[in-house]
Every structure is written in structure tokens, then in C-alpha cells.
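K.L.:
Sequence first, predicted model second:
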Amino acid sequence: MRGATQVKWAACAVAVALAATACGGGGDSGGGGGGADGIVSSSWGDPQNPLEPANTNEVQGGKVLDMLFRGLKRYNSKTGAAEDMLAEKIDSSDSKNFTVTVKDGWTFSNGEAVTAKSFVDAWNYGASLKNNQKNAYFFGQIDGYDKVHPDSGSQSAGAMSGLKVTGTRTFTVKLNQKFSLWPDTLGYAAFAPLPQAFFDDHAAWLKKPVGNGPYTINSYTKGSQMALRKWAKYPGTDKAQNGGIDLKVYTDNNTAYTDLVAGNLDLVDDVPASQLKNVKADLGDRYINTPAGIIQTLAFPFYDDAWNKPDSDKVRKGLSMAINRKQITDTIFNKTRTPATDWTSPVLGADGGYKAGFCGGLCDYNPAEAKKMISEGGGIPGGQVKIGYNADTGSHKDWVDAVCNSINNALGNDKACVGSPTGTFADFRNKITQKKMTGPFRAGWQMDYPLIQNFLQPLYYTNASSNDGKWSNKQFDKLVNQANAESDTAKAVKTFQDAQAVVRDNMAAIPLWYQNGSAGYSTNVSNVALNPFSVPVYNEIKVN
């Protein structure tokens, strides 16, 4: 995602913001006292869109959805494995037709029961073209999706034919092709259930979203803070171990880090690159550095003819070889990143599809070959690479400048590459979704679920939800379809690797590095951890 992410995604940065509807529980660190009622303060960035599960595909909004909702599956906070949450069972004899049974006793925080209809209505809403949801594509494997979300023209059906409510707690799903791993995707937020209140008064729900997770939203002031509070009647086993979370908006994560060290903030879940040399001295064992399912890439605007002309793949390959990944990850990131050699993540493991060295020489620093390839491809469009990024989070300026310095040094031209910042993440995402990018741009991807399919299909399949550069390749699409239809997991993984080879051979995006989860926390809290998605396990944090 979130995506990278993400991730995929209409949108004007939203006029309909979540309005402050109640007084927050204070913004001070530990504002609710200690113990089970203590409040955790954490750094955050405003999400791009209102917090509809099917319309949120970036990390900041995803953090909130992870606290507000629980779906049929949930990914283990340590291993990433898909485990049953609201699913009592999901049965299938052919990997195409599934019967889902929802556990009894679950409700939304407004008291409504969570039923089979809660899921079916939510999925139909998310898929509908008229609702313009960023994550609609995730429902594309359900039969009848093409009628509610056609590639062109208006929708001809109000609901997907492949979804049928068969009882209070049961529904059936018919896919349009076999997909043996489909149940493992259902921990993604887009598949969350929605209460009837969402449909009865949509505008009111957007102002104060109601979910079925361990937290509820108390208040939100855009640009300032969102206050979430523990839902005392939450029926799940993963109850909140604190009284709530105050997500504080920072436009500079260096400021957040300074507040953390000063004791004015409890948690920073992205330690600035500039502070990595100091973090052990500042925080000691309260610094977290752990592998995560995240890859940083450079995407290209294939809707711009300058980047999509014949032989332009040679320019992209040349730029890739002009980037000294090891030097940048060692110096800028203090070895908290690993040079990427494929388009997935090592957290998948070999059985899951990760293959070290898959990129081959195209990801090796080779200035002479870089210059040759770029020349053969017709040269850099416009004579200069302008790398787009958001300036408010993630220390992106540091690494973009380093990438440009590497490219400039390799090409012997100190003006061959420059950074092109956009002030905020939301504005940056809006430029991308409105197809206003004129050069390569930051495209970090945080996995939605731990499958090789998730690193490939959402990002590179034609018209996929997070295919921000609008790359399209018929052979890639064909191989993805074949992999999804394969009932043998090992064969499916191999076919996805074949699809990844098409991405490589066309350099559909430049892989840069795999990212570790990096966080720091104050002495006010304990039991702090990041999950394999690099998101804090907020519900397990304890206030001392």
C-alpha cells in the first residue's frame, strides 16, 4: 500500500474531512494517566482521503483503519501470516467458489451486529464505479465486477453477481477465475465490513467513522491531531492495552524525533535518516530496526510520451545502473536499508517468491554502461531527470538528493538529475492520481498482505489500483492471470516470478532498496513493536 503506497488511489485531498466531533483526550504524552487508561502519543501524517476502507490505500490512513476495523482475516503481528479473525471458516472445493461463515457475537461500536450482509454490502459499495473508491480493483476477482466497474462506459449492475448472502452469518463468493490464495488477501482493509449507518447517512459517517475494531475515533482536526480511544466493548481477543492513541500530525519527521527525545512524544514510527547516527545514543534499546515488507522504487509516468517512446526502457535501465544503492543505503540510511535486487521483498522468503539477484546487472552500479544505455535510448527526456517526492515525511529529500548525486556523477553532468519536492504527502498523492507527474517519482510500496502477488499485480497490472505510472503490458497481465488461477502454490509463485521478469526486462519501475521498519519510543511506554508491514502494533502498547 498503502500504496504505496501503495498505493492506488480520486481525489482531491478531500473537501470532506473528518470533522472534530468531540473534545480529544488531550495531546500530552500519557494524557490519560498510566496503565490501561493511559494515552499514547504518536507521530502521524494526514491521510489523503476520508477513511473509507475501500478508498484508503496509503500508509497514514491505513494506520487508522488498522485500529478501527477487523476483517475476516488478520495478519499475525510477528509473522505476517493470514489468520482467521471474523471468519469462522472459509470453505472451497475448487479455488473459485467460496462459502464464508462469519463468527457470531461481533458488533460495530454503534451496537450494530456484524453480519454476512455487512461484508457483502461493503464489498459491493467498494467495487461500484459510481462510488469512485481507490481500492475498487481489489474486488476485481469477484464474478460480476466488470458489470459494476467496467473499464469504459457506465456500470450495468448495482451489485456483483458473485456475492450472495445466504444467511445471517453466511455468504458465498464466486470468483471469475481460480485464485487459491484469495482467502489470504482478506486481511486487507478494503475487505472490512461496514455498518448500515455508513449507507444510511454517508456524510455523517465520514465525519466520524464507525468500525468494529479495538478503537473508536474521538476527534480529528486536520493538520493537527486525531484522537482514538479504546472501545471498552470490543469483542475481539486483541483488545487495546492502553486507553487510546493520539496521532499527532507532523510535516517534518525531524521535529517529531526532537519531540520524542525531549519526552514530548511517545512514539515515532519513522526515524529520520539524518538521526540514524544518533538514535542508539539517544534511545538505546528503545530504538526498533526490523525487516519489513517494504520496497522503495522510482515509478515513471508512462502516460507521458517522452517516457514511453520506443527504446525508452534503455533510458530507465541506464538510470537504474547510475544509482549506487550500496553507498546510499550505507551512508544516508546507516545500513537500515538493503539494496534491492528484485521488485518484491526478502520477508516473503524463497518459498514465497523472493529471489535475490533477480534484477541482475540492471541493479548494479555501472556508470559506463549507464551512460551507454541512456544514449542508446535517445537520452534523458528534456535533458534532465526531475525526481518527484513529498517533502513532509520520510527523509525523502536526503535520499533523492543522494540518488541525483549518484546519477550526476555517473553521467558526468551535475545537472542531469534534480529533486522535485511537493510540500505534503496528500498534495503529492493528488498530483500522482491526477496524472500530473512529468518525470520519475517516489513510489514506496508497503505490502497489503504477504504474497508475491501483492508486490506485482496492484502495481503493474493494466489499470491496477496502484499502477500510478499507468504501465501496461499484455504478457505481464497474462502471466498474472495464469498465476492467480494456479491451484498449486509453488507453481503459482513460479509464474508470478515469470511475470516479474517482464517487469525487469521493461524496467517498469526502478527498484531502489528494501526498507526496515524504524521506530523509537519514550520511557513513558513499553511493549512497543512494529508488525511486518512496519506499522506499530498500537493495541499492544502499554503506558507505564
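P.N.:
Thanks, I have it. Numbers count the residues shown, from 1 in each chain.

K.L.:
When you work out contacts or count neighbours from here on, use the C-alpha atoms and nothing else.
P.N.:
OK.

K.L.:
Next, count neighbours for Lys239.
P.N.:
Lys239: 17 surrounding residues under other Cα atoms under 10 Å.

K.L.:
er, Gln475 actually
P.N.:
Neighbours of Gln475 (other Cα under 10 Å): 13.

K.L.:
next one: Val403
P.N.:
Counted with other Cα under 10 Å, the neighbours of Val403 add up to 25.

K.L.:
One more: the one 5 residues further on?
P.N.:
The number of residues packed around Asn408, counting by other Cα under 10 Å, is 20.

K.L.:
what's near enough to touch it?
P.N.:
414-417 (Cα atoms under 8 Å, 6 or more residues apart in numbering).

K.L.:
so where's the stretch 1-150 of the chain uncertain?
P.N.:
1-33 (pLDDT under 70).

K.L.:
What is the nearest of the contacts of Asn408 to Lys435?
P.N.:
The shortest gap between Lys435 and any of the contacts of Asn408 belongs to Cys417, at 21.0 Å (Cα to Cα).

K.L.:
hang on, isn't the closest one packed against Ser406?
P.N.:
No: taking contacts as Cα atoms under 8 Å, Cys417 lies outside contact range of Ser406: 9.0 Å.

K.L.:
now the helix or strand hosting Ala499, how far from the chain's geometric center?
P.N.:
Element membership of Ala499, judged by DSSP states H and E, is helix 489-506. On the basis of Cα atoms, centre = their mean, to the nearest Å, helix 489-506 sits 21 Å off its chain's mean C-alpha point.

K.L.:
Same question for stretch 397-412.
P.N.:
26 Å.

K.L.:
if we can go back for a sec, who are the packing partners of the following helix or strand past the helix holding Ala499?
P.N.:
Per DSSP H and E, helix 489-506 leads on to strand 509-521 as the next helix or strand towards the C-terminus. For strand 509-521, the elements it packs on are strand 267-268, strand 287-299, helix 312-321, helix 325-331, strand 337-339, judged by 3 or more Cα pairs under 8 Å, 6 or more residues apart in numbering; DSSP states H and E.

K.L.:
Give me the angle between strand 509-521 and strand 287-299.
P.N.:
Going by axes from the mean of the first three to the mean of the last three Cα atoms, to 10 degrees, strand 509-521 is angled at 160 degrees with respect to strand 287-299.

K.L.:
Work out the sheet partners of strand 509-521 and label each with its direction, please.
P.N.:
With DSSP bridges as the test, strand 509-521 is paired with strand 267-268 (antiparallel), strand 287-299 (antiparallel), strand 337-339 (antiparallel).

K.L.:
now Gln133: how far from Asn55?
P.N.:
Noted for Gln133: a distance of 5 Å to Asn55, by Cα to Cα, to the nearest Å.

K.L.:
wait, I meant Thr495
P.N.:
Distance of Thr495 to Asn55, given as Cα to Cα: 30 Å.

K.L.:
ok and the helix holding Ala499 relative to helix 312-321, angle-wise?
P.N.:
Using the same axes, to 10 degrees: helix 489-506 against helix 312-321 is 100 degrees.

K.L.:
name the helices or strands packed onto helix 489-506?
P.N.:
Counting by 3+ Cα pairs under 8 Å, 6+ apart, helix 489-506 packs on helix 349-352, helix 452-460, helix 474-485.

K.L.:
could you redo the last one with a cut-off of 7 Å?
P.N.:
Applying 3 or more Cα pairs under 7 Å, 6 or more residues apart in numbering; DSSP states H and E, one finds that helix 489-506 makes contact with helix 474-485.

K.L.:
for the helix it packs on, which positions count as buried?
P.N.:
Of the residues in helix 474-485, 476-477, 479-485 count as buried by neighbour count, 16 or more other Cα atoms under 10 Å.

K.L.:
mean confidence for it?
P.N.:
For helix 474-485, mean pLDDT is 93.
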